[in-house]
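Asks: Here is my input, please return the structure:
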Amino acid sequence: MSQEHGTAEAVQTPLQNQRRPTLLDVARGYRMFLGRELEGTAIAGFHISNSPDLWDLIETIWQCQEAQNRRLADAMQTARRYQEADIVNLDVSPEQLDRLYQITFEAWRLRGLGSYRDEFRRNTARFSDRSGRWNRAHILEAGRSELQQLATALFRFGWETAPGSVIMTMGPESFRLLYGASDIGARLIGFEMLANDLAGAGQTQLAEGLSSPSFHPVADFRDHTDTADLFYSVGGLQYAPPPIAIDILRNGINRLKSGGMAVFQVPSFLHEYSFSAAEYLAGKGQALSGELHAVPQHAVLNLLDDEGMRLLEVIPDASIGIHGLSYLYYARKIIGHDVQQSTGSVPVKLPIKKDNDVEQTLTDNGLEQMVQSRPWFHRIDLGNGVSTPGSDDTPHKLSAIALPSDLSGKTVLDVGAWDGFFSFECERRRASRVVASDSYCWDGDGIQDGGGFRMAHAALNSQVERLNVSVEQLDPAIHGTFDYVLFLGVLYHARDPLGYLAKMRSLCREVTVIETWVDGLEIERPAMIFYPGATLNNDASNYFGPNEAAVIAMCREVGFSEVEVVNRHYYPNRMVFHARV
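Replies: Residues are numbered from 1 along each chain as shown. Okay, the predicted model is just below:
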């Protein structure tokens, strides 16, 4: 009680509302945050002695790695229940879809994207006391970083955005990618959802003097005819009712060139959300304050499969915060999916430009001429009497490596694929999936420019996947594992032979087929001969010739359980091994 004023005052003390935790507090914290019982009193004593008050104890247990892992596991169980919920009806008639488009575009025109957009942008630096030009510059710099991060992610899949590539993007502030696209010499085609963003795109183009990019209202997207190497949509599809989001995705994917990439984000679940076109058109779910929508993941996956896309990765995305579950999808259009089987003079789409899926129309009548116009390493039968004049007797090597005659249901990775003979052969032997990887023989000049693989791939109308990465970049966490790994003619080119074999083991589920130059065969112990300079076959990329014992010992060292020599004599100083997991 204050004597001067006659009023009661709260007296603050350093220990107010503080108390030391007890054994019961620690036990309850374990049950609540870790989902298990406390191990013993010694652990409790440790926590009590290191926690000045109860909240210190709570914070310690809540932030520990075990508690974080438990929350993640609980979230995944919740996500699974959400994924299984059938609360979105995507069935619409063409008339209903047109009506949905009309309502949606009118809502965006009158009210923008609403309160959800404001919420998702609240951590983005926007300054009302700055000029519009300053804010646009800030948006463009953020977009530059975004595109750089995207390029890094795509590189994990062996895909690079090269000069002259076309990037098609749909969403709010699509013009944010202008600087990033200009940096790499790519052409940007943007579809803006809001009139203000479209105006901002035009002002930016005018201020920067850029004529190559083109921007359009999203209402023009369905009728647009340009093709693209990359379709990118992040932060836009979530504002469209599910049938529209699916239709936009279908149109974007259909505009992709063969081998092109699609990267997009879309929610798959929202709390308290359901959708029916009939109910929505009757007014249920339409909100003046803005709307947030979701597309079930199975609908997205079915769409990708229907449109000839190979799904590469699905990453949980936190962009919609506490409202539900959202994912970022990476998918690639299967090369040759839109290619007609060649008969007579029917055009074949032939990718011929290095590092790009740039396509050239070629008839069967011109295939022989194209084949003869370039150097080849492999001898590949392209059909209709056309074969590649390779310097390597590849059919003879095929008989030596003892591949199963039927690879049905098996997956195959061909490391160092070069012109692709063995990749295409595994496909012919009915492997369920074949990935051809190389970089050394695809990123060079002449016979090593990768043009042979692309030409044969198109001529054979092949579904083999092309992965432009080095051996060092191969990663089972990114590229997966395979039943069969072909490691033919690569080992002796390795500076680190043991490391290369360890990489093959990490990628292999059953058998790695190793074909290699060997040397020092008179030495009984495991040994390798080193070739400085270009002393072996006048080729400076030849480093080591292992003997038979060295290959077997190294394979066992990296984790193969059994190593069989399947051919010792098909060529002098060359051997074939099957290393089994």
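
Asks: Now tell me which helix or strand of this protein has the poorest mean pLDDT.
Replies: Counting by mean pLDDT, DSSP states H and E, the weakest-scoring helix or strand in the chain turns out to be strand 348-351, with a mean of 32.

Asks: Is the residue found closest to residue 518 once you drop the neighbours it is linked to in the chain in a helix, a strand, or coil?
Replies: Nearest non-adjacent residue to residue 518, counting by CB to CB, 6 or more residues apart in numbering: residue 575, 5.0 Å away. In this view, the C-beta of every residue, glycine as well, is placed from N, C-alpha and C. Secondary structure of residue 575, reduced to three states by DSSP: H, G, I helix; E, B strand; the rest coil: strand.

Asks: likewise residue 510?
Replies: Per three-state DSSP, residue 510 ends up strand.

Asks: Not counting sequence-adjacent ones, nearest residue to it?
Replies: According to CB to CB, 6+ apart, the nearest residue to residue 510 is residue 483 (4.6 Å).

Asks: residues contacting that neighbour?
Replies: Under the criterion of CB atoms under 8 Å, 6 or more residues apart in numbering, the neighbours of residue 483 are 410, 411, 412, 508, 509, 510, 511.

Asks: What about the residues you listed, which one has the most neighbours?
Replies: residue 412 (25 neighbours; other CB atoms under 10 Å).

Asks: next structured bit after the helix or strand hosting residue 44?
Replies: For residue 44, the element it lies in under DSSP states H and E is helix 41-49. Counting by DSSP H and E, the element after helix 41-49 in chain order, helix or strand, is helix 54-63.

Asks: so that next one versus helix 41-49, what angle?
Replies: 120 degrees (axes from the mean of the first three to the mean of the last three CA atoms, to 10 degrees).

Asks: just to revisit the earlier point, let me know whether my guess that the residue nearest to residue 510 is in a helix holds.
Replies: No. Counting by three-state DSSP, residue 483 is located in no helix; its state is strand.

Asks: Quick check: the gap between it and residue 410.
Replies: 4 Å (CB to CB, to the nearest Å).

Asks: and what of residue 141?
Replies: Residue 141 is 48 Å from residue 410, by CB to CB.

Asks: Are there residues contacting both of residue 483 and residue 410? Which ones?
Replies: residue 510.

Asks: quick revisit: I'd like to know which elements the helix holding residue 44 is packed against.
Replies: helix 23-29, helix 54-63 (3 or more CB pairs under 8 Å, 6 or more residues apart in numbering; DSSP states H and E).

Asks: With adjacent residues omitted, what lies nearest to residue 442?
Replies: In this structure, residue 442 finds its nearest non-sequential neighbour in residue 450, 3.2 Å apart by CB to CB, 6+ apart.

Asks: and that neighbour, how many residues sit next to it?
Replies: Going by other CB under 10 Å, the residues that sit close to residue 450 add up to 25.

Asks: if I read this right, it contacts residue 440, doesn't it?
Replies: No. Between residue 450 and residue 440 there is no contact under CB atoms under 8 Å: 10.1 Å.

Asks: Mutual contacts of those two, please.
Replies: Residues touching both residue 450 and residue 440 by CB under 8 Å, 6+ apart: none at all.

Asks: In terms of secondary structure, what does the helix or strand hosting residue 397 contact?
Replies: Per DSSP H and E, residue 397 falls inside helix 394-401. Counting contacts by 3+ CB pairs under 8 Å, 6+ apart, helix 394-401 is packed against helix 421-428, strand 482-488, strand 508-517, strand 562-571.

Asks: Next SSE downstream of it?
Replies: Downstream of helix 394-401, the first helix or strand assigned by DSSP H and E is strand 411-415.

Asks: what helices or strands is that next one leaning on?
Replies: By 3+ CB pairs under 8 Å, 6+ apart, strand 411-415 packs against helix 421-428, strand 433-438, strand 482-488.

Asks: got the CA coordinates for the shortest one in PDB?
Replies: Output in PDB follows, covering the C-alpha atoms of strand 433-438 (Å, rounded to 0.1, in the frame of the first residue of the first chain):
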ATOM      1  CA  ARG A 433      13.900 -47.900 -65.900                       C
ATOM      2  CA  VAL A 434      17.300 -47.000 -67.300                       C
ATOM      3  CA  VAL A 435      19.300 -43.900 -66.400                       C
ATOM      4  CA  ALA A 436      22.300 -43.000 -68.600                       C
ATOM      5  CA  SER A 437      24.800 -40.700 -66.800                       C
ATOM      6  CA  ASP A 438      27.900 -39.000 -68.100                       C
END
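
Asks: partners of it in the sheet?
Replies: strand 411-415 (parallel), strand 465-468 (parallel) (DSSP bridges).

Asks: what residues does the first one touch?
Replies: Residues from elsewhere that reach strand 411-415, judged by CB under 8 Å, 6+ apart: 420, 422-423, 426, 431-438, 471, 474, 479-480, 482-488, 490, 504, 507.

Asks: follow-up on the earlier one: the helix holding residue 397 vs helix 421-428, what angle?
Replies: Using the same axes, to 10 degrees: helix 394-401 against helix 421-428 is 70 degrees.

Asks: quick one, helix 394-401 and strand 482-488 angle?
Replies: With the same axes, to 10 degrees applied, the angle from helix 394-401 to strand 482-488 works out at 120 degrees.

Asks: Who are the contact partners of the closest residue to residue 113 other than its chain neighbours?
Replies: Excluding the flanking residues, the one nearest residue 113 by CB to CB, 6+ apart is residue 239, at 5.1 Å. Residues near residue 239 by CB under 8 Å, 6+ apart: 108, 113, 114, 116, 117, 193, 290, 291, 292, 293.

Asks: any idea how far residue 239 lies from residue 266?
Replies: Relative to residue 266, residue 239 is positioned 10 Å away (CB to CB).

Asks: before we move on, what about residue 38?
Replies: With CB to CB as the criterion, residue 38 and residue 266 are 43 Å apart.

Asks: more neighbours, those two?
Replies: A side-by-side neighbour count of residue 38 and residue 266, using other CB under 10 Å, places residue 266 first with 28 against 18.

Asks: Run the chain-centre distance for the helix or strand where that one lies.
Replies: Here residue 266 sits within strand 256-270, counting by DSSP H and E. For strand 256-270, the separation from the chain centroid amounts to 10 Å (computed by CA atoms, centre = their mean, to the nearest Å).

Asks: Ok, stretch 424-433 next?
Replies: A distance of 23 Å separates the centroid of the chain from that of stretch 424-433, by CA atoms, centre = their mean.

Asks: burial measure for residue 379, as a count.
Replies: 19.

Asks: For it, give me its contacts.
Replies: So residue 379 contacts 387, 388, 389, 390, 392, 393, 394, 395, 421 (CB under 8 Å, 6+ apart).

Asks: Just give me the neighbour total for the second one.
Replies: Residues within reach of residue 388, counting by other CB under 10 Å, total 23.

Asks: Could I get the pLDDT score of residue 13?
Replies: Listed pLDDT for residue 13 reads 45.
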